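Enquirer: Everything below, folded, please.
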Amino acid sequence: MHLPQYPCITEAMLQNIVKRTGMDELGDTSSLLLHGIPADSGIGHFEYFVLFIALAISAMTLTWKAEDQARAASESFFNSALKHLQVLEEQSEIKSLQISLLLAHYAHMCPERVDNWTCISDAVRIVLNLGLHRECTENIDLEHRRLRAELFWVTYGMERSLCTNLRLPLSFPEEAITTKRELFVEEGFNSLFTNEDLLRKSASSHICLYRALETEVHRVLHLEDTLLESSGMSIEAWIIDINTRLGTWYEAAQVYTQYGMLEFKHVQYHHLRARIHRPTPRLMNRTNEDREQVLQAAIVLIDDYHGQESRRRLFYPWHGVHILFEVVVIALEACWTLYNCHVIHPLAEELLKSRIPQCLQMFRNIGERWNEAAACAQRLQPLLERITVWYYPGSDEIADKTSISEEIRNLLLSDGSLTWNQRVASHIQLPVEAFLFDDVELDNFQFLEWAPEWDIMPTDFELA
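Expert: The predicted structure is shown next:
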């Protein structure tokens, strides 16, 4: 909540809520919903929602101690949070934004209960409506400026992660952003924070730097926009440059290890490295060296997530499943394409016989709570078996090469065109105002319309 990855609320705010809700005369949630919150308490249903969703999120980080108890406590806290949310009267858009971001955070941890697509979409709508993506020119105090900037960058990180993982068009262009990431380093602002606060904000800023790298890879290789053409850089030079910048980011991230921050930096680094070297709409024909990079990254990623699961610290299954599904697909593509490259066989066989089956079992384990994860294992198991028999021919019938290649291609490019100027039919109605930027003529701005197949919201999802 106030930690580096998703600092939606301040630690001081949370401590104040805890202090006020500790008053004996307030009673429990059922009593408060029945009789109302005393007017002199200084808090309302929003504060209670913040408290309970914070407890729900925090409880999920205790699965390593007692998994069943942690999950049961988290669900109970979440249900209490929803009860307060359902009776919450109209509040400011800033509070609405904090609600959406807190729910999105919980959705990353418990995707079976909340859909992050819905929450992040609403957060983006509020951010653009308030103009939080632009540097604030109003004469407001430093604390308010900090809040606006911090909430924007949390939204930015969540939205970019969603779009890159699902390979969707971006909700708003990078070029429209003028809000500073490191507002807290301005003169006179450091006095508002402790050294620990500054370290947290520095870590948060470093995560945003990663999201920017991730977004650039997505724009160049999947969205195929004109970023390289406008810079005059060749695709080959860009690949060298982006790998160098990613390595610099990873090296700088090591400093946070001693403070227990950025614990997923290894996943982030190796996942983006795999994305840079995988087949994409812009670069379908990759070299053997590219595919070897993919295989090496796949082993590291599967091992990392297996370690998280073994330690009962797989706190973000939404990200884990999406990352590993992509990794398995591109690893299978590399194994299949490099079948005749015997130098690669030991690496490919390690994945086919050990790592990928291990990963599919992780999907099944997560699928005991979240059905979509189990569906990933069901989708990939037959393809794994068909490719494996080519490496270990025996009594099994050898599958047709053409059908395997076609299936892999469909998995690699299951998205269709993601270009900004494609006009598609959409049944999702979003307010036009949510996509407007100041000083941009409506006729000259290209709007994104979501294709029906991009709607991933569960049909049985209900927030209220």
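Enquirer: For Asn243, give me its contacts.
Expert: Asn243 sits next to Arg273, Ile276 when contact means C-beta atoms under 8 Å, 6 or more residues apart in numbering. (Each C-beta comes from the backbone N, C-alpha and C, glycine too.)
Enquirer: Give the buried residues for the host helix or strand of it.
Expert: Following DSSP states H and E, one finds Asn243 within helix 235-253. For helix 235-253, burial by neighbour count (16 or more other C-beta atoms under 10 Å) applies to Trp238, Ile239, Ile242, Leu246, Trp249, Tyr250, Ala253.
Enquirer: From those residues, which shows the smallest pLDDT?
Expert: Lowest model confidence among the buried residues of helix 235-253 falls on Ala253, which carries 88.
Enquirer: Would you enumerate the residues in contact with the nearest residue to it once chain neighbours are set aside?
Expert: Among residues not flanking Ala253 along the chain, Lys265 sits closest, at 4.2 Å (C-beta to C-beta, 6 or more residues apart in numbering). Listed by C-beta under 8 Å, 6+ apart, the contact partners of Lys265 are Tyr250, Ala253, Gln254, Tyr256, Thr257.
Enquirer: ok so, going back, any chance of the buried residues of helix 235-253 in TSV, with distance to Ser310 too?
Expert: As requested, these are exported to TSV (distance: C-beta to C-beta, whole Å):
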residue	distance to Ser310
Trp238	38
Ile239	34
Ile242	32
Leu246	27
Trp249	27
Tyr250	24
Ala253	23
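Enquirer: between those residues, which is nearest Leu413?
Expert: In terms of C-beta to C-beta, no member of those lies closer to Leu413 than Ile239, at 19.7 Å.
Enquirer: Quick check: the closest one touching Arg275?
Expert: No: if you go by C-beta atoms under 8 Å, Ile239 and Arg275 don't touch, sitting 11.4 Å apart.
Enquirer: ok, which stretches of the stretch 351-464 of the chain are strands?
Expert: Taking DSSP state E, counting those that start in this stretch, the stretch 351-464 of the chain contains no strands at all.
Enquirer: show me where pLDDT drops low in it?
Expert: For the stretch 351-464 of the chain, the stretches with pLDDT under 70 are 394-399, 415-464.
Enquirer: what sits against the most centrally placed residue in the chain?
Expert: Among the residues of the chain, the one closest to the centroid is Ser161, at 3.6 Å (C-alpha atoms, centre = their mean). Shown in contact with Ser161 (C-beta under 8 Å, 6+ apart): Arg211, Glu214, His319.
Enquirer: If we ignore the residues flanking it in sequence, what's nearest the last one?
Expert: If I follow you right, that is His319. His108 (6.3 Å).
Enquirer: Repeat that for the second one.
Expert: What sits nearest to Glu214 in space, not counting adjacent residues and going by C-beta to C-beta, 6+ apart, is Thr164, at 5.2 Å.
Enquirer: Number of residues surrounding that neighbour?
Expert: As a burial measure, Thr164 scores 21 neighbours (other C-beta atoms under 10 Å).
Enquirer: My guess is it contacts Ala212. True?
Expert: No: between Thr164 and Ala212 there is no contact under C-beta under 8 Å: 11.1 Å.
Enquirer: Next one: Ser231 from Ala73, what distance?
Expert: Taking C-beta to C-beta, to the nearest Å as the measure, Ser231 falls 51 Å from Ala73.
Enquirer: Please identify which of the two sits among more neighbours.
Expert: For Ser231 versus Ala73, neighbours defined as other C-beta under 10 Å are more numerous around Ala73 (17 against 11).
Enquirer: pLDDT at that one, what is it?
Expert: 95.
Enquirer: Could I get the buried residue list for the helix or strand where it lies?
Expert: Using DSSP H and E, Ala73 maps to helix 67-86. Using 16+ other C-beta under 10 Å as the burial criterion, the residues of helix 67-86 that qualify are Ala70, Arg71, Ala73, Ser74, Phe77, Phe78, Ser80, Ala81, Leu82, Lys83, His84, Leu85.
Enquirer: Tell me which residues touch Asp400, please.
Expert: If a contact means C-beta under 8 Å, 6+ apart, then Asp400 has no contacts.
Enquirer: and stretch 143-155, how far from the chain's centre?
Expert: Here stretch 143-155 is found 19 Å from its chain centre; the criterion is C-alpha atoms, centre = their mean, to the nearest Å.
Enquirer: Just the mean pLDDT for that stretch, thanks.
Expert: Averaging pLDDT along stretch 143-155 gives 90.
Enquirer: With just CA atoms, put it into PDB.
Expert: What follows is stretch 143-155 as a C-alpha-only set of coordinates in PDB (Å, rounded to 0.1, in the frame of the first residue of the first chain):
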ATOM      1  CA  GLU A 143       2.000  17.400  -0.300                       C
ATOM      2  CA  HIS A 144      -0.900  17.700  -2.800                       C
ATOM      3  CA  ARG A 145       1.500  17.800  -5.700                       C
ATOM      4  CA  ARG A 146       3.300  14.700  -4.300                       C
ATOM      5  CA  LEU A 147       0.000  12.800  -4.000                       C
ATOM      6  CA  ARG A 148      -1.000  13.700  -7.600                       C
ATOM      7  CA  ALA A 149       2.400  12.600  -9.000                       C
ATOM      8  CA  GLU A 150       2.600   9.400  -6.900                       C
ATOM      9  CA  LEU A 151      -0.900   8.200  -7.800                       C
ATOM     10  CA  PHE A 152      -0.200   8.900 -11.500                       C
ATOM     11  CA  TRP A 153       3.000   6.800 -11.400                       C
ATOM     12  CA  VAL A 154       1.300   3.900  -9.600                       C
ATOM     13  CA  THR A 155      -1.400   4.000 -12.300                       C
END
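Enquirer: neighbouring contacts of that stretch?
Expert: Contacts of stretch 143-155 (C-beta under 8 Å, 6+ apart): 6-8, 94, 97-98, 101, 120, 123-124, 127, 130, 132-133, 136, 179-181, 183-184, 189, 192, 204-205, 208.
Enquirer: Report the secondary structure state of Leu168.
Expert: Assigned by DSSP: H, G, I helix; E, B strand; the rest coil, the conformation of Leu168 is coil.
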